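1. 3D model of this:
(one chain, ligands or ions: 1)
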Amino acid sequence: MFRSIKRIIRWTGNRKKRIYRGFVYSFFNSLFIAMPIMGTAIGLNLVIEDMNGTKKLTTDYVLYLLGFMIIALLGRFLFSYLKAKSQESVGYEVTADQRIEIGNILKRVSLGFFDTHNAGEIAASVTTDLSFVEMYGMKMIDTVVNGYICVFTMILCMLFYKIEIGLICLAGVLLSAFFLKLLGNKSDKNAPEHQFAQESMIAATIEYIRGIPIVKAFKQEGVSRKGIEDAYKKSKDINIKIEKEFTVYNSFHVISLKIASIAIVCVAALMANNGTMDMPTMLMMVMFSFVIFGNVEGINNATHVLEIIDETMDKLDKINHAEYIDEDGVNKELSSYDIEFDNVIFAYDKNEILKNVSFHIPQKSTTAIIGASGSGKTTICNLIARFYDVNKGIITIGGQNIKDMKCESLLKNISMVFQNVYLFHDTIYNNIKFGNPSAGKKDIIKAAKKARCHDFIMSLPDKYDTIIGDAGSTLSGGEKQRISIARAILKDAPIVILDEATASVDPENEYEIQRAISSLVEGKTMITIAHRLATIQNADQILVVDNGEIVQKGSHDKLLDEEGIYKNFLSIREKAEGWSIV
Ligand SMILES: Nc1ncnc2c1ncn2[C@@H]1O[C@H](COP(=O)(O)OP(=O)(O)OP(=O)(O)O)[C@@H](O)[C@H]1O
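-> Numbers count the residues shown, from 1 in each chain. So this is what the prediction gives:
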């Protein structure tokens with residue numbers, strides 16, 4: 001339990017001073033909680049003495065007591081306020097920083113990181129997991145540490161008045177802590193299972209929502225529901241199991257404290273009876289017995305919550321300590337943009353995909369990469385952008401080994417237009433602006449015009465302020481593609497990597513997309529994963545990839561003269577597009 005608390009405090013980084021300051025306020029707060037008990041005991045004793053006629057209860061006494069109580073009350077509110085002010089917002093502040101930090105980390109890791117950490121897992125870490133730590137982290141510090149500070153402060157007061165009673169309290173607290181430890185051990189065991197069930201539930205839900213169109217199309221509702229139903233059931237089962245085990249240890253923890261309370265009353269009464277304790281002290285001890293354990297009783301819930309926080313932090317550590325792909329890279333300015341692959345070997349994990357790939361792309365030339373599905377075309381493009389690092393060989397741009405560069409300084413030279421366009425849930429304006437955050441409205445409209453999307457944007461009710469994805473503003477595949485081209489035009493990078501859409505778009509859209517691409521690639525070094533005959537035919541160089549190897553390279557005319565995959569590929573594409581090449 002305290003290990004987890006220490007971990008939460010470490011997590012708060014340079015804000016930990018505020019947590020420690022909160023502990024000091026908590027101590028004084030506890031003293032002011034104890035003061036009214038002492039005051040009440042003194043007051044009651046005065047009343048009894050007055051009734052017995054041994055001492056007169058004067059107005060002065062009453063006023064002193066009243067003043068004492070008011071000071072106690074004000075002190076309690078003051079230190080309680082200072083404690084909350086010092087500690088409570090720390091969780092929110094650290095979480096906000098942490099989320100931004102994770103965003104920065106994810107930008108700099110290899111794409112391989114996402115193969116081993118699925119989207120559900122990462123999404124859960126940044127959203128629900130972090131929210132859990134955000135909500136409960138500081139609450140746990142308050143419950144556990146401030147709870148124990150309060151009880152130990154009161155024990156100190158009791159030891160000061162009667163050592164025996166103070167020791168009974170101490171024994172009760174220690175015994176209850178022992179059962180909490182056992183409860184913690186159980187939670188330790190259950191936490192990974194609970195966490196796994198939680199992640200599976202999130203992953204299954206995301207999968208289910210993403211697959212709804214396919215499920216509907218194939219009428220497979222039953223099959224797809226089974227995955228989420230199993231995940232939900234597992235989550236329910238583990239929660240019930242945790243709850244059952246919790247009840248046993250929790251009962252022992254509470255009973256230890258209750259027994260200590262009863263013992264305080266009995267021993268205080270006995271001592272008063274045999275004359276070893278005076279009346280005010282006895283009254284004080286009895287009153288302490290009612291309130292002293294109130295703060296530690298609630299700690300039982302904390303053990304389970306702390307275990308979950310611990311698990312969550314393990315997961316966050318994995319992201320926080322993820323290796324940056326460009327850890328050793330430096331910022332370099334490129335002066336030319338020709339691309340060279342020199343005997344590049346690359347494997348996803350142990351699965352070798354590219355085998356001794358070598359080619360040269362002169363700057364400001366167009367290169368079409370063709371090959372069967374799964375031959376390695378996308379992988380080549382991903383390596384140019386350093387989404388992954390090569391296993392062997394060298395990739396240079398402008399003579400510069402890209403492994404020596406920081407990703408940011410490399411990627412500012414590259415625009416990528418993907419086949420599956422991703423647009424953010426934001427305005428069209430901001431989606432285009434993403435290509436160059438410092439661009440003004442004029443530049444954005446100019447890029448949209450070049451990308452042939454200005455006219456259809458202007459025909460939308462909210463024009464450039466249309467939120468993409470909102471009801472009624474869903475764009476067609478071709479329109480989204482043109483917006484992504486506008487984004488790339490705005491970025492105006494000297495290298496353009498384009499994955500040509502294989503999905504058929506209507507002829508008008510196709511025509512507009514081609515015009516948009518022509519604007520995008522003017523004077524650039526262009527690499528296209530090409531599917532259209534026109535793109536392939538007009539390229540300065542064609543790279544034919546087969547099973548991870550470049551089996552043919554050259555211009556269209558040169559490759560037409562060779563026997564090989566290119567000729568076969570062309571005749572298939574000709575048939576598909578109804579073309580004939582002469
Ligand atoms: N992230 C990944 N992890 C493991 N294997 C991968 C990954 N991405 C691709 N592969 C594998 O690498 C091989 C080459 O994939 P790549 O996407 O480069 O092919 P491609 O030629 O672009 O295919 P397509 O035309 O279908 O897009 C395939 O066998 C694919 O299954």
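
2. for the spatially most central residue of the chain, give its distance to residue 12.
-> For the chain, the residue sitting closest to the mean C-alpha position, by C-alpha atoms, centre = their mean, is residue 126 at 1.5 Å. The spacing between residue 126 and residue 12, counted by C-beta to C-beta, to the nearest Å, is 18 Å. Any C-beta I mention is one placed from the backbone N, CA and C, and that applies to glycine too.

3. roughly how far apart are the closest residue in space to the residue nearest to the centre of the chain that isn't next to it in sequence and the ligand?
-> Spatial nearest neighbour of residue 126, excluding adjacent residues (C-beta to C-beta, 6 or more residues apart in numbering): residue 102 at 5.5 Å. From residue 102 across to the ligand, the span is 21 Å (C-beta to the nearest ligand atom, to the nearest Å).

4. could you report the neighbour count for residue 102?
-> Neighbour count for residue 102, taken as other C-beta atoms under 10 Å: 18.

5. which residues touch it?
-> Residue 102 makes contact with 125-126, 316, 319-320, according to C-beta atoms under 8 Å, 6 or more residues apart in numbering.

6. also residue 344?
-> When contacts are taken as C-beta under 8 Å, 6+ apart, residue 344 is in contact with 354, 356-358, 383, 390, 392-395.

7. buried subset of those?
-> 354, 357, 383, 390, 393, 395 (16 or more other C-beta atoms under 10 Å).

8. what's the neighbour count on the residue nearest to residue 292 when sequence neighbours are not counted?
-> Spatial nearest neighbour of residue 292, excluding adjacent residues (C-beta to C-beta, 6+ apart): residue 154 at 4.8 Å. Residue 154 is surrounded by 23 other residues when neighbours are defined as other C-beta under 10 Å.

9. quick check: next helix or strand after the helix or strand containing residue 154?
-> Using DSSP states H and E, residue 154 sits within helix 147-161. Sequence-wise, the next helix or strand beyond helix 147-161 is helix 163-218, with elements assigned using DSSP H and E.

10. now do that following helix and helix 147-161, the angle between them.
-> Direction vectors for helix 163-218 and helix 147-161, defined by axes from the mean of the first three to the mean of the last three C-alpha atoms, to 10 degrees, enclose an angle of 170 degrees.

11. counting contacts, what elements does helix 163-218 pack onto?
-> helix 119-124, helix 147-161, helix 221-273, helix 299-320 (3 or more C-beta pairs under 8 Å, 6 or more residues apart in numbering; DSSP states H and E).

12. out of the ones you listed, the one nearest the ligand is which?
-> Distances from the ligand to each of the helices and strands packed on helix 163-218 were compared using C-beta to the nearest ligand atom; the shortest belongs to helix 119-124, at 12.8 Å.

13. what parts of the stretch 101-250 of the chain come near the ligand?
-> By C-beta under 6 Å from any ligand atom, the residues of the stretch 101-250 of the chain that approach the ligand are residue 115.

14. with the chain instead?
-> On the criterion C-beta under 6 Å from any ligand atom, the ligand has as its neighbours in the chain the residues 115, 348, 351, 353, 371, 373-379.

15. from the residues you listed, which would you call buried?
-> By 16+ other C-beta under 10 Å, the residues of the chain next to the ligand give 353, 371, 375-379 as buried.

16. turn those residues into TSV, columns for secondary structure.
-> TSV is the format used below for these (DSSP: H, G, I helix; E, B strand; the rest coil):
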residue	secondary structure
353	strand
371	strand
375	coil
376	coil
377	helix
378	helix
379	helix
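
17. and the two most separated of those?
-> When those are compared pair by pair using C-beta to C-beta, the two farthest from each other are 353 and 371, 11.9 Å apart.

18. what's the spacing between residue 14 and residue 24?
-> 18 Å.

19. for residue 5, same thing?
-> In this structure, residue 5 and residue 24 are separated by 16 Å, where distance is defined by C-beta to C-beta.

20. next: residue 319.
-> Separation of residue 319 from residue 24 (C-beta to C-beta): 34 Å.

21. using CSV, write out every CA atom in stretch 186-193.
-> What follows is the C-alpha trace of stretch 186-193 in CSV, where atoms were taken according to Å, rounded to 0.1, in the frame of the first residue of the first chain:
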residue,chain,number,x,y,z
LYS,A,186,-4.9,-10.4,-2.6
SER,A,187,-5.5,-7.3,-4.6
ASP,A,188,-2.0,-7.5,-5.9
LYS,A,189,-2.8,-11.0,-7.3
ASN,A,190,-6.1,-9.9,-8.8
ALA,A,191,-5.1,-6.5,-10.3
PRO,A,192,-3.4,-7.9,-13.5
GLU,A,193,-6.5,-10.1,-14.1
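
22. now that stretch: buried residues?
-> For stretch 186-193, the buried set under the neighbour-count rule, 16+ other C-beta under 10 Å, comprises 186-187, 190-191.

23. stretch 9-20 too?
-> Using 16+ other C-beta under 10 Å as the test for burial, stretch 9-20 gives 9, 11-12, 15, 18-19.

24. relative to residue 212, which of the residues you listed is nearest.
-> Proximity of the buried residues of stretch 9-20 to residue 212 was ranked by C-beta to C-beta; the top entry is residue 11 with 37.5 Å.

25. what pLDDT does that closest one get?
-> Per-residue confidence (pLDDT) for residue 11: 87.

26. give me phi/psi at it?
-> Note on residue 11: its backbone torsions stand at phi -60, psi -30 [degrees, to the nearest 10].

27. please, which helix or strand holds the residue nearest to residue 126?
-> Assignment of secondary structure by DSSP H and E places residue 102 within helix 90-108.

28. hmm, back to that, widest-spaced pair of the residues of the chain next to the ligand?
-> When the residues of the chain next to the ligand are compared pair by pair using C-beta to C-beta, the two farthest from each other are 115 and 371, 21.9 Å apart.

29. in contact with residue 430, which residues?
-> residue 424.

30. same check on residue 164?
-> With C-beta under 8 Å, 6+ apart as the criterion, the residues that contact residue 164 are 267, 271.

31. kindly recompute the last result at 10 Å.
-> For residue 164, the contacting residues are 158, 264, 267-268, 271, 276-277, 285, by C-beta atoms under 10 Å, 6 or more residues apart in numbering.

32. equivalent analysis for residue 405, please.
-> Listed by C-beta under 10 Å, 6+ apart, the contact set of residue 405 reads 326, 329-334, 386, 397, 411, 413.

33. could you list everything it pairs with in the sheet?
-> As for beta bridges, residue 405 partners with residue 330 under DSSP bridges.

34. return the set of buried residues in stretch 474-485.
-> 475, 477-485.

35. coming back round to it: got JSON lines for the buried residues of stretch 186-193, with pLDDT too?
-> Written out in JSON lines, the entries for the buried residues of stretch 186-193 read as follows (pLDDT from 0 to 100):
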{"residue": "186", "pLDDT": "80"}
{"residue": "187", "pLDDT": "75"}
{"residue": "190", "pLDDT": "79"}
{"residue": "191", "pLDDT": "74"}
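
36. point out where this protein drops to low pLDDT.
-> Filtered on pLDDT under 70, the chain yields the residue ranges 216-224, 470-473, 501-509, 573-582.

37. domains of it?
-> Using automatic domain parsing, the domains assigned to the chain come out as 88-320, 331-413+495-505+527-582, 421-492.

38. next up, the contacts around the residue in the stretch 51-200 of the chain positioned nearest to the ligand.
-> When distances are taken as C-beta to the nearest ligand atom, the stretch 51-200 of the chain reaches nearest to the ligand at residue 115, 4.7 Å away. The contact partners of residue 115, taken as C-beta under 10 Å, 6+ apart, are 348-349, 388.

39. before we move on, the earlier item: run the chain-centre distance for the helix holding residue 102.
-> For helix 90-108, the gap between its own C-alpha mean and the chain's C-alpha mean amounts to 8 Å (C-alpha atoms, centre = their mean, to the nearest Å).

40. in the helix or strand that comes right after that helix, which residues are buried?
-> The first helix or strand that comes after helix 90-108 along the chain, using DSSP H and E, is helix 112-116. Across helix 112-116, burial judged by 16+ other C-beta under 10 Å covers residue 113.

41. same thing with stretch 77-93?
-> Of the residues in stretch 77-93, those scored as buried under the neighbour-count criterion (16+ other C-beta under 10 Å) are 79-80, 82-83, 86-87, 90-91.
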